[in-house]
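For reference, the sequence and a predicted model appear below.
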Amino acid sequence: MKDIAKEKYHDAIEHLPAVKVDWHPKYDPKAQFNASKVALLIEGRPIPHLVPQLLHMIAVVPPDWRFVFIGTNKSVISVSRSFATQYQEANGKLDLVIMPKPWKIDSKEDVYRMLTDIRFYDEFLPDVEWLLKFESDSIMCARSDDSLNDWLHYSWAGAPR
């Protein structure tokens, strides 16, 4: 009786499907998004509302857009602590970048100088054709009939200054 049970057990084991886990897939999660469309937030201060704001913008901006958050050590660490931003980063939707030298983001003037430096675009946003630059006090209406993609035929859309 033991031999029959052993034989049936081994026979059942042989017919189980094999599972292979590839811990290093060649899949790039960023490939699912349009590399030419980026929503950019630059903030050096670890403001408490940055995570909810980023998540709101990710929910409202069309799904093919990627997001880049550029900050200081403190602001990037504060944003990266959230499980939701960790998920968006792992999914390829969000990049968290600590601003390297020679650029500074200590003041608005530093940020404006960086945004007028062609090297910034060549190094950080090389394939970007459309850029949504938003601030820590920006918000987009979730119930709007217009999509961000409806504005892409304009060369500039923004607040008058």
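All right, it came through fine. For clarity, every value in this text was computed on a predicted model and none was experimentally measured.

CA atoms for contacts and neighbours, from now on please.
Noted.

Distance of the residue nearest to the spatial centre of the chain relative to Tyr9?
In the chain, the centroid-proximal residue (Cα atoms, centre = their mean) is Leu94; its distance is 0.8 Å. Distance from Leu94 to Tyr9, counting by Cα to Cα, to the nearest Å: 49 Å.

what do you get for Gln86?
From Gln86 to Tyr9 the distance is 44 Å (Cα to Cα).

and what of Ile58?
Distance from Ile58 to Tyr9, counting by Cα to Cα: 51 Å.

what do you get for Leu96?
In terms of Cα to Cα, Leu96 sits 51 Å off from Tyr9.

Equivalent analysis for Glu43, please.
For Glu43, the distance to Tyr9 - Cα to Cα - is 61 Å.

before we move on, the earlier item: tell me which of Ile58 and Tyr9 has more neighbours.
Ile58 (18 against 11; other Cα atoms under 10 Å).

Measure how far the top helix by length along the chain is from the centre of its chain, please.
Determined from DSSP state H, the single longest helix within the chain is helix 2-14. Distance, stretch centre to chain centre, for helix 2-14: 51 Å (Cα atoms, centre = their mean, to the nearest Å).

Offset the numbering so it begins at 60, please.
Yep, numbering from 60; the last one is helix 61-73 now.

In CSV, list the C-alpha atoms belonging to it.
Backbone C-alpha positions of helix 61-73 (Å, rounded to 0.1, in the frame of the first residue of the first chain) are rendered in CSV as follows:
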residue,chain,number,x,y,z
LYS,A,61,2.9,2.4,0.8
ASP,A,62,4.5,1.8,-2.6
ILE,A,63,1.2,2.6,-4.4
ALA,A,64,0.8,5.8,-2.4
LYS,A,65,4.4,6.8,-3.1
GLU,A,66,4.1,6.1,-6.8
LYS,A,67,0.9,8.2,-7.0
TYR,A,68,2.6,11.0,-5.1
HIS,A,69,5.6,11.0,-7.4
ASP,A,70,3.4,10.8,-10.4
ALA,A,71,1.4,13.8,-9.2
ILE,A,72,4.6,15.8,-8.5
GLU,A,73,5.8,15.2,-12.1
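
Good, wrapping up.
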